[in-house]
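A structural model of the following input is requested.
(chains A, B, C and D)
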Number of protein chains: 2
Amino acid sequence: MSDLLERLRGRGWRLTAQRRVVAEVLDGDHVHYTADEVHAKAADLLPEISRATVYNTLGELVSLGEVLEVSTDGRAKRYDPNAHHAHQHLVCSRCGTIRDVHPAGDLLADLPTEERFGFQVSAVEVTYRGVCPNCATA
Amino acid sequence: MSDLLERLRGRGWRLTAQRRVVAEVLDGDHVHYTADEVHAKAADLLPEISRATVYNTLGELVSLGEVLEVSTDGRAKRYDPNAHHAHQHLVCSRCGTIRDVHPAGDLLADLPTEERFGFQVSAVEVTYRGVCPNCATA
DNA sequence: ATCCTACATTGGACTTTGTCTAAGTCAAGA
DNA sequence: TCTTGACTTAGACAAAGTCCAATGTAGGAT
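Numbers count the residues shown, from 1 in each chain, chains lettered A, B, ... in the order given. Predicted coordinates for the structure are as follows:
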């Protein structure tokens, strides 16, 4: 993730303690925090960070293509730092756990021309739903 | 949609003017209103209908499997009355227009066993994104 | 090393979307 | 037609997110 900070600095990003902390919180695999969760974790490292700054920073990271926004439950948006590896999501219907997954085949090609209504289709998001091992045994 | 009302009455639903109006608003193809839009349209037909009743009724229709909830933009949920025909959604990235579409192939089968992390996968939702003809020319 | 200033951060007010509750109303069976 | 439990209502409340004016500061300029 320190690459990230360098990359962004190259793009004219001003490097502040707040942005550093937000980037640090978003480091890892299968990370899908809400803005509030990011704020809470960031505040552990930098107590005076404000919610507005977390929202601003997340928004910038999304615009820059470094982080993806996912909304798997219609409630708070979640932020997925794994933007450079194409993937989809598998969500537990009971506990909400999210895993990154990689379906086979060309998902875009599955949509026939006559089902495109003249749209220029450029992307596809897939959410698989099921019950995770943990919830299945409980 | 009048079938719907009969069907629901058969299930013990009390038939009120408010519920009738909400069902009427949700009639049609490619309908994906937000709760507030449903409320506004319902209020044209029955001015004193309250927001709470619209939310209640939509929630009941979803529980009963008559209407689907879709959230294509992370903002307000939208309600899709086309619940009895499996379909996915194609969304315009500019104006937000939503069309119902029918991809080819078995979308669930595209997720390999080793990518299921032990989940019992039971459903899949797909959102295609692109630019609609209207926005492409504008 | 210090200064400058455009950009970043802050806290709080505000908006949007949705939920809850207590009191009043009414659909439909007896 | 009466009764009753389900339905509706208005408004308070909550969660998630946006906006703004005032303040602070990163990093280039000197």
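
now the most centrally placed residue in chain A, which residues is it bridged with?
Of all residues in chain A, the one closest to the mean position by C-alpha atoms, centre = their mean is residue A:80, 1.7 Å from it. Taking DSSP bridges as the rule, residue A:80 bridges to residue A:68.

residues touching it, list them.
A:31-32, A:67-70, A:100 (C-beta atoms under 8 Å, 6 or more residues apart in numbering or on different chains). Bear in mind the C-beta positions are built from the backbone N, C-alpha and C, glycine included.

Which residues of chain A lie near DNA strand C?
Proximity of chain A to DNA strand C, by C-beta under 7 Å from any atom of the strand, involves residues A:13-14, A:16, A:18-19, A:46, A:48-53, A:56-57, A:74.

circling back: dump the contacts of residue A:80 to JSON lines, plus pLDDT and neighbour count.
Output for those, formatted as JSON lines (pLDDT from 0 to 100; neighbours: other C-beta atoms under 10 Å in any protein chain shown):
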{"residue": "A:31", "pLDDT": "95", "neighbour count": "18"}
{"residue": "A:32", "pLDDT": "97", "neighbour count": "22"}
{"residue": "A:67", "pLDDT": "96", "neighbour count": "23"}
{"residue": "A:68", "pLDDT": "96", "neighbour count": "18"}
{"residue": "A:69", "pLDDT": "95", "neighbour count": "16"}
{"residue": "A:70", "pLDDT": "95", "neighbour count": "19"}
{"residue": "A:100", "pLDDT": "96", "neighbour count": "19"}
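
what would those look like in TSV with distance to residue B:128?
TSV is the format used below for the contacts of residue A:80 (distance: C-beta to C-beta, whole Å):
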residue	distance to residue B:128
A:31	26
A:32	22
A:67	22
A:68	16
A:69	17
A:70	16
A:100	20
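
and the nearest residue to residue A:112 once chain neighbours are set aside, what pLDDT?
Leaving aside its sequence neighbours, residue A:112 sits nearest to residue B:104 (C-beta to C-beta, 6 or more residues apart in numbering or on different chains; 5.8 Å). pLDDT, the model's per-residue confidence, is 95 for residue B:104.

From residue A:136, how far out is residue B:104?
Distance from residue B:104 to residue A:136, counting by C-beta to C-beta, to the nearest Å: 31 Å.

Give the residue from those two that has the larger number of neighbours.
Neighbours per residue (other C-beta atoms under 10 Å in any protein chain shown) separate residue B:104 from residue A:136, with residue A:136 holding more: 13 against 10.

burial measure for the closest residue to that one other than its chain neighbours, as a count.
Spatial nearest neighbour of residue A:136, chain neighbours left out: residue B:120 (6.1 Å); criterion: C-beta to C-beta, 6+ apart. Residues within reach of residue B:120, counting by other C-beta under 10 Å, total 13.
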